[in-house]
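>>> how would this look folded up:
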Amino acid sequence: GLDFARWWALNCNVLFVMLSGALLLPYKQEPVLSFYGKRLTKIVIPLVVYYMWYYTFFGQRTEGTLDAPLKIVLGILTADIKSVGAYHLWLLYVIIAIYIVVPFLRMMLRDLSYQHLTGLVAVTVIILTYATYLPLKTGFDVSYLGWCGVAIAGYWCSKDESRKYDNWLIILGIVSSVAMWLVFKYDLYYSNT
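The predicted structure is shown next:
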């Protein structure tokens, strides 16, 4: 029971990315470099500090050598979070990946009709549902589509026109929770990965 509760609580990551999309994707007249500059201090610098801290206290270091700065830089650039035991930093890498495309997504979404935006979100949900709940592998990588799609879904949810779907979204959330419980309880997918 507690394992499922812990696993179910990981939805906070999805909600965080959806909120990021809802708050960041509405079009603003902001230069790309200005957007990146603001996020540098909020995301990249903390990532570097956290990584250095984890490397210092938990990393696989060689005592008496000066290779630490190079290993830290390479570790950050290659997202080597396993060797320092900082598995939770994956979310910062996801956020950075989304932030890289936010200025461009803003421009693209500005001129996209609500109907087409709804279609984009629907296709993304279908693909991610397939990739998450069915043990069949797809011929393409859905991970980047997934997190950008989640941010775009958050943007879609923030639209006034989307309020008419609130009850359906609640029902789909309940169905998704039951599906997650079944996958977890019967180990339908994760035992083969």
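>>> CA only for contacts and neighbour counts going forward, please
OK.
>>> Off-centre distance for stretch 46-59?
Distance, stretch centre to chain centre, for stretch 46-59: 21 Å (CA atoms, centre = their mean, to the nearest Å).
>>> cool, and stretch 147-154?
Its chain's C-alpha centre and that of stretch 147-154 lie 8 Å apart, by CA atoms, centre = their mean.
>>> So, low pLDDT: which residues of the protein?
For the chain, the stretches with pLDDT under 70 are 1, 3-4, 6-7, 60-67, 132-144, 187-193.
>>> thought residue 124 was touching residue 146?
Yes. The pair residue 124 / residue 146 is scored as a contact, 7.3 Å apart, by CA atoms under 8 Å.
>>> Neighbour count for the two, which is higher?
Higher neighbour count among residue 124 and residue 146: residue 124, with 20 against 17, using other CA atoms under 10 Å.
>>> Helices along this protein, start to end?
Here the chain has its helices, by DSSP state H, at 2-9, 11-24, 32-39, 45-58, 68-77, 90-110, 114-133, 143-157, 166-186.
>>> List the buried residues of the fifth one.
Same thing as helix 68-77. For helix 68-77, the buried set under the neighbour-count rule, 16 or more other CA atoms under 10 Å, comprises 68, 71, 72, 75, 76.
>>> Can you tell me which of those is closest to residue 116?
Of all those, residue 116 sits closest to residue 76, with 37.3 Å by CA to CA.
>>> which residues touch that closest one?
By CA atoms under 8 Å, 6 or more residues apart in numbering, the contact set of residue 76 is 48, 51.
>>> how much space between it and residue 53?
Here the distance between residue 76 and residue 53 works out to 12 Å (CA to CA, to the nearest Å).
>>> same thing with residue 185?
From residue 185 over to residue 53 the distance is 37 Å, taken as CA to CA.
>>> Which one's more surrounded, those two?
residue 53 (14 against 11).
>>> roughly how far is stretch 74-93 from the heart of the chain?
Averaging C-alpha positions (CA atoms, centre = their mean) puts stretch 74-93 14 Å from its chain's average.
>>> do you know how far residue 98 is from residue 153?
Distance, residue 98 to residue 153, using CA to CA: 13 Å.
>>> okay, the two: which has more neighbours?
residue 153 (23 against 20).
>>> Contacts only, for the more buried one.
18, 21, 121.
>>> mind giving me CSV with these and columns for neighbour count?
Compiled in CSV, the contacts of residue 153 are given as follows (neighbours: other CA atoms under 10 Å):
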residue, neighbour count
18, 24
21, 28
121, 21
